[in-house]
Each structure stands twice: as structure tokens, then as C-alpha cells.
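**Student:** I would like the atomic coordinates for the input below:
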Amino acid sequence: MKNFSSLIVLLFFFFDCCFAGGLDGFLNHGGAEGTQHNRAKNDTKFYYTNSDIPILPFFTGFVGTHGTYRFLTITEQTFILVGEGKHGVWRIQENGFIREYRKKEQVGLPIAIDANSDSISPNHFDIIKHNYAHYIPDESWSGYKYPDELISDGKKDGMKDYLNFVDLSIYHPKYGGKYQNHVPIDLPYYYCTMSGNDFPHANHVWKFAMAQPMANIIGPLARRAGMDIKETHFNIIRLHFLEDAGIWANIGTGNVQTDQAIKNPEELKAKIQTLNYQRIDLTKYNYEVYLIERPFFNKPYLFIAFVLDNKVGPSDFSYIRQDGAYWEALQKLGKTSEISNNTENHYPKYYIENYPSQGVSTSKTVYGLPVYGIHHPKRPAFDLTGGSCPQRGGDWGRYPWANSGAGFPSNYEEITPLCDALLMDVKVWGNLWQETWNTKEFLLGNAGYPGKYVINYTGDSNIYGKYTDIYLKDKTNPHMMDLTSDGKVVKHTDRKPNPIEFKLNFTYLGTPPRFNDVSIKQTVVLPEKEDCPTAPTCLIQDSDDVPTWGIIALVLLGVILAINIIAIVLFCYYSGGKENSQNNTKGYDNNGHNSEA
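**Tutor:** Numbers count the residues shown, from 1 in each chain. Sure thing, here's the model as predicted:
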């Protein structure tokens with residue numbers, strides 16, 4: 001019976017470790033052999049250092065597109081994203097609207113109704129409030145509607161001649177006035193896809209990061225770019241370039257004929273665009289870098305993005321279309337005086353560092369490419385469609401078919417993508433617990449002892465620092481300590497423990513790093529069976545068959561489970577008569593040397 005009970009406990013422990021939520025699976029380094037942790041497993045402070053500082057969880061994962069991978073890690077509450085250098089980005093700008101999709105089998109607005117009208121009827125407002133949503137997770141991919149599906153035809157859900165989607169101003173009554181004090185959205189940002197849908201290999205990293213205090217805290221430029229509109233940007237974390245990372249611009253060579261992208265079949269035959277990428281002088285700009293979770297085809301994806309504006313003078317990049325419900329709302333709120341430009345900038349200029357000579361920064365026009373990106377020369381060879389730059393903003397839709405845009409439904413069409421006119425190094429980091437480590441209190445020696453200035457330190461009595469080198473025979477070490485009662489060195493052969501106590505008085509209280517707990521399950525993510533739309537990256541099988549890798553994974557899991565059960569049974573059987581045997585223990589002396597007892 002005792003062995004059977006042990007088996008049940010061990011089986012519970014096995015399944016709990018593998019499939020339960022919580023963060024224990026991300027604290028495996030706590031108490032690892034060879035780390036001088038030396039706390040008992042039942043110690044209430046098992047997940048603390050020897051100085052009572054919390055041991056922090058460690059996360060690692062990856063995302064990828066086009067066979068190129070980016071690695072996300074969280075170490076000591078520092079989020080790090082490292083991918084490839086010179087990653088191409090596209091320009092988009094939010095237009096002050098939120099696209100809301102009609103829910104399945106729900107009555108929609110009649111075609112003639114203006115969803116943003118001040119005189120909309122209570123019945124129609126109720127339909128907008130309850131029957132439309134910016135994100136419909138229960139409907140998966142089908143919750144998204146293509147631009148050419150504006151009017152319902154009744155074939156999918158029996159509902160005919162209703163608006164399948166509406167674009168609502170951020171000031172629409174549906175949002176309860178939460179954006180009433182929002183600054184005008186007047187800046188574009190550059191972005192690119194980092195992950196496939198649902199990012200299954202990094203979801204645990206992202207979920208933990210988003211539960212920490214520094215998540216969803218953004219700067220003033222991001223607000224001007226609309227990155228804080230929660231219906232279009234679910235979650236966001238601000239990041240910073242590592243020292244050697246930056247942004248690069250294609251400035252051409254000064255030959256108008258070869259600097260600009262081709263536009264027609266004749267130029268395609270006769271012209272070759274010349275590329276010349278140089279590093280942007282970021283000291284001339286205020287800029288902010290982010291990793292963003294936002295919906296794409298009604299699925300969450302991760303995108304990297306940056307927004308910048310010149311430090312001196314009127315903005316070179318500000319723009320708002322002076323038409324439509326968003327502009328009219330800005331006028332009513334008296335916010336139009338804050339807008340410095342109403343003309344789209346198709347050929348922006350950026351300062352280039354050390355160009356044309358060392359120590360000189362020169363403002364140069366940047367040029368987009370006619371292709372999807374500099375790292376995508378043969379998309380069809382990898383079963384990917386497209387390969388050309390969409391050349392206008394707006395909904396990605398059915399790219400490369402129809403007249404598709406370069407981003408999202410809430411983007412201006414006239415802010416063109418300038419495909420890969422700029423490149424960025426995907427080598428960024430950000431703090432998760434507090435804004436900076438650069439404070440005198442953070443992780444100070446008394447940080448693990450709340451409210452205490454004076455900390456007791458225990459040491460061994462001995463002579464420390466006495467010179468033995470013959471060259472120093474006539475010199476005395478000014479830092480030598482004689483902590484003995486007889487002035488004699490305690491030799492290693494004597495080892496006479498005589499603990500002494502030091503007291504150190506810190507002049508201010510230290511603060512430890514901590515983390516917000518969050519339940520995270522480590523589970524196997526299987527692909528959905530629903531057909532994938534023409535999104536840039538989809539983790540969906542084209543057929544309804546169970547994928548080969550899925551079968552292999554399930555078989556391996558079954559084999560591993562069987563081996564564990566057999567091992568546990570054998571362990572219980574053979575250990576039954578050894579309950580009173582002594583446990584061998586391993587420890588480490590104060591010098592870090594292994595010693596067996």
C-alpha cells in the first residue's frame with residue numbers, strides 16, 4: 001500500500017510538472033546542482049538567493065517567418081529579442097479608425113447607414129455595439145472579412161445585404177469616450193512581421209512579459225502613431241537597440257534614373273534600380289522601438305516597429321487626412337491646431353551618419369523597392385505568393401491578387417509602404433520590472449531585507465591579506481585584516497571554525513527585482529484544420545489530414561510517458577526495503593570546491 005501511494009504521488013508530480021500551469025517550469029535553475037544554492041526543497045524561501053533576493057524565472061522561445069528566426073528571452077526581468085540584421089520594414093500610418101467585423105449569424109447595419117453619424121438611431125447603435133467586434137476569437141480566420149466582402153451575400157451564415165464591417169472613429173460612442181483626450185494620430189511607423197499566427201513557440205515568453213509592470217507603457221511618439229489604441233494594438237513593449245544595432249536607409253547613388261523603383265513593364269526591361277544602404281544618424285531624431293501584438297486576419301501576430309520624428313523644427317513626417325469622420329471629430333474637439341502637415345510625404349528624407357564623409361550627417365531622400373524585400377528573391381520557390389511591393393497602404397487583403405494594401409484595414413492608403421527603403425537590425429532589449437537598473441537602490445546588498453539599513457555578515461576568523469611574496473617582504477598591505485585573537489594564520493589543516501560577525505550600515509534601502517506571477521501552461525500546439533487565408537505567414541495545414549509531425553510527436557510523447565511510468569514502478573518496487581537507508585549528500589565548501597559527506 002505504501003508503494004502504491006508513492007506511485008500515485010510520483011505520477012501526480014510527473015503530470016503536474018509536464019502539464020500544469022504556474023512558473024515552476026521556468027525556475028528550473030533555482031537550486032540546480034553546482035550553484036551553491038544549498039536550500040532545502042521545503043524551505044519557504046527555496047526560490048531565493050543566499051542574500052534573500054527572489055530568483056527570477058527564465059524564458060526562451062522563438063518566432064520566425066520565411067525560414068528566418070528571431071529569439072526571445074527573458075533573463076533577470078530583461079526582455080531580449082535578437083533576430084537578423086538589416087531586416088526590411090514597411091511604412092504604415094493609422095487613420096484614426098477601428099475596423100469592426102459583423103459577428104457570424106448576427107444582424108448587421110443596412111448598407112445605407114453611416115456608422116459614424118451623430119444622428120444614428122438607438123437601434124442601429126445597439127447593433128454596432130453588440131453585433132460587431134474588432135476581434136472575434138471564436139470565429140478564427142473567418143472572423144476577418146476581405147475588402148471585397150463589404151456586403152454580406154447570405155452564403156456563409158444566411159444573413160444577406162448587411163455591412164460585413166464598419167470603420168468607426170476612435171471617438172465613436174461605442175468606445176465610451178476612452179480616447180476623448182487622445183493626441184492626433186499624425187505619425188507613420190515602420191513595421192514588419194516577426195511571427196506566424198498565435199506564435200506558439202514564444203507564446204509563453206510573451207504572456208509572461210505582458211504581465212510585468214513595464215508592458216504596455218509607451219512613449220509620446222507611439223501615441224502619435226496610434227499604438228495605444230487597444231482595439232488595433234493588443235499588447236506592446238518598448239525596446240531599445242543594443243549598442244551596434246540601428247536603422248539603415250537606401251539613399252541611392254544620386255542618379256535619378258536608377259535610384260527610383262520601376263513603375264511599368266518598359267522600365268522593368270530597361271532599368272535596374274541601384275541600392276545604397278547607409279546608416280541613419282539617430283542622434284538627429286527622437287525615436288521609439290516596439291514589439292507589438294496586433295490582430296491580422298483575426299489572429300494575433302507579433303510585429304516589430306519603430307516610429308521617429310526629427311528633434312529640431314516642424315515634423316518632417318506628420319500627416320492627417322483632412323476629411324472624414326476622424327478629421328471632423330478632431331475639429332469638434334479643437335485639436336486641429338496641433339497638426340503641422342496635411343500633405344503626404346511620398347519621398348521622406350533622413351539624416352545619414354558619416355555621409356558623404358566621416359563626421360558629417362547629410363539629409364538624403366530614401367527610396368523604396370519594387371520588390372517584397374531585399375531578403376525575398378525567390379518566394380515562389382518556397383510556395384509563397386507575391387514578391388512585389390504592394391505600393392499602397394491599407395488592408396493586406398488578398399495580396400498579391402486584387403488591389404491589396406501593405407498593412408491593416410485601419411491604415412491610410414496614401415501613406416505608401418516604401419518597401420525596404422529602411423532596414424532595421426533586430427537586436428533589441430527592454431526592462432520588464434522597472435524602467436532602468438541605473439538607480440542607487442536597485443539590487444543593493446540589503447535589497448533582500450526590507451526596511452533594514454544594517455545587515456549582519458558572518459565570516460571565519462583568520463588573517464586576510466598578509467603579503468607572502470618575497471618582493472614585498474618589507475611592505476605591509478594597507479588593507480590587511482587580522483581577525484584572530486592570537487595573530488596567527490589559521491591553516492587549512494587546522495580548520496578551526498570561529499565565526500565572526502561584521503555589521504554594515506547601508507545609507508539607503510535597497511530594492512530587489514520581482515515579477516508578477518502568471519499561470520502559463522506548457523502544452524503542445526497543434527495546427528488548426530481550417531484553411532489559411534493569404535496572410536504573409538500562416539501556421540496552418542492546407543489539408544485536413546493530421547500532419548506527419550503531429551503523429552510523430554504524439555507517438556514520442558506516448559513512448560516517453562510509458563518509459564516514465566515503468567521507471568516509477570520499478571523505483572517504487574526496489575526502494576520499498578530501503579526506507580531507513582542513509583542519503584548520500586553533496587555539498588560545497590566556501591571556496592566552491594566539491595566535497596562529499
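**Student:** Could you check the pLDDT of the closest residue to Leu27 other than its chain neighbours?
**Tutor:** For Leu27, ignoring the flanking residues on the chain, the nearest one in space by C-beta to C-beta, 6 or more residues apart in numbering is Pro57 at 5.2 Å. For the C-beta atoms, the positions are set from N, CA and C on the backbone; glycine is no exception. Listed pLDDT for Pro57 reads 96.
**Student:** Help me confirm that Val366 comes into contact with Ala421.
**Tutor:** Yes: at 4.4 Å, Val366 counts as touching Ala421 under the criterion of C-beta atoms under 8 Å.
**Student:** Name the residue in those two with the higher neighbour count.
**Tutor:** Just comparing Val366 and Ala421: by other C-beta atoms under 10 Å the higher neighbour count belongs to Ala421, 28 against 22.
**Student:** Pull the contacting residues for the residue lying closest to Ile53 once chain neighbours are set aside.
**Tutor:** Counting by C-beta to C-beta, 6+ apart, Gly448 is the residue found nearest to Ile53 once chain neighbours are left out, at 4.6 Å. Neighbour list for Gly448: 48-49, 51-53, 510, 512 [criterion: C-beta atoms under 8 Å, 6 or more residues apart in numbering].
**Student:** at 6 Å instead, please
**Tutor:** Shown in contact with Gly448 (C-beta atoms under 6 Å, 6 or more residues apart in numbering): 51-53, 512.
**Student:** since we're on the closest residue to Ile251 other than its chain neighbours, how many residues are nearby?
**Tutor:** For Ile251, ignoring the flanking residues on the chain, the nearest one in space by C-beta to C-beta, 6+ apart is Lys364 at 4.1 Å. Neighbour count of Lys364, defined by other C-beta under 10 Å: 20.
**Student:** I'd assumed Lys364 was in a helix, is it?
**Tutor:** No: under DSSP: H, G, I helix; E, B strand; the rest coil, Lys364 falls outside any helix and is assigned strand.
**Student:** and it, bridged to which residues?
**Tutor:** Beta bridges link Lys364 to Tyr350 when assigned by DSSP bridges.
**Student:** Phi first, then psi, for His192.
**Tutor:** No, residue 192 isn't His; it's Cys. Note on Cys192: backbone dihedrals following degrees, to the nearest 10 are phi -160, psi 150.
**Student:** So it versus His87, what's the distance?
**Tutor:** Distance, Cys192 to His87, using C-beta to C-beta, to the nearest Å: 6 Å.
**Student:** Could you do Ala325 as well?
**Tutor:** From Ala325 across to His87, the span is 35 Å (C-beta to C-beta).
**Student:** Please apply the same query to Val256.
**Tutor:** 28 Å.
**Student:** Equivalent analysis for Ser410, please.
**Tutor:** Counting by C-beta to C-beta, the separation of Ser410 from His87 is 23 Å.
**Student:** neighbour count winner among the two?
**Tutor:** Using other C-beta under 10 Å, the more surrounded residue of Ser410 and His87 is Ser410, with 27 against 22.
**Student:** Pretty sure that one sits against Phe97.
**Tutor:** Yes: assessed by C-beta atoms under 6 Å, Ser410 is found in contact with Phe97 at 5.4 Å.
**Student:** Tell me how many other residues crowd the nearest residue to Thr75 once chain neighbours are set aside.
**Tutor:** Take Thr75 and drop its neighbours on the chain: the residue closest to it by C-beta to C-beta, 6+ apart is Phe58, 5.9 Å away. Applying other C-beta under 10 Å, we find 14 residues neighbouring Phe58.
**Student:** Excluding residues flanking it in the chain, which one is nearest Tyr101?
**Tutor:** With C-beta to C-beta, 6+ apart as the criterion, Tyr101 has its nearest non-adjacent residue at 4.8 Å, and that residue is Phe165.
**Student:** Repeat that for His87.
**Tutor:** Of all residues not flanking His87 in the chain, Val426 sits nearest, at 5.0 Å (C-beta to C-beta, 6+ apart).
**Student:** For the stretch 1-150 of the chain, which segments are assigned as strands?
**Tutor:** For the stretch 1-150 of the chain, applying DSSP state E, counting those that start in this stretch gives strands covering 59-65, 68-75, 78-82, 87-92, 97-102, 132-133.
**Student:** If any of the contacts of Gly448 are buried, give me the ChimeraX selection for them.
**Tutor:** Of those, the buried ones can be selected in ChimeraX as follows, counting by 16 or more other C-beta atoms under 10 Å:
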select :53,512
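**Student:** domains in the protein, as residue ranges please.
**Tutor:** Per the record, the chain has its domains at 1-46+556-580, 62-94+188-431, 97-166, by automatic domain parsing.
**Student:** Give me the most central residue, this structure.
**Tutor:** Closest residue to the average C-alpha location of the chain: Leu291 at 4.6 Å, with C-alpha atoms, centre = their mean.
**Student:** picking that back up, so what's in contact with Val366 and Ala421 at the same time?
**Tutor:** Common neighbours of Val366 and Ala421 (C-beta under 6 Å, 6+ apart) are Asn250.
**Student:** returning to that earlier point: measure how buried the residue nearest to His87 is and give me the count.
**Tutor:** Around Val426 there are 24 other residues, counting by other C-beta under 10 Å.
**Student:** Can you name the residues that contact Asp482?
**Tutor:** Asp482 is in contact with Ile463, counting by C-beta under 6 Å, 6+ apart.
**Student:** any idea how far Asn462 is from it?
**Tutor:** 9 Å.
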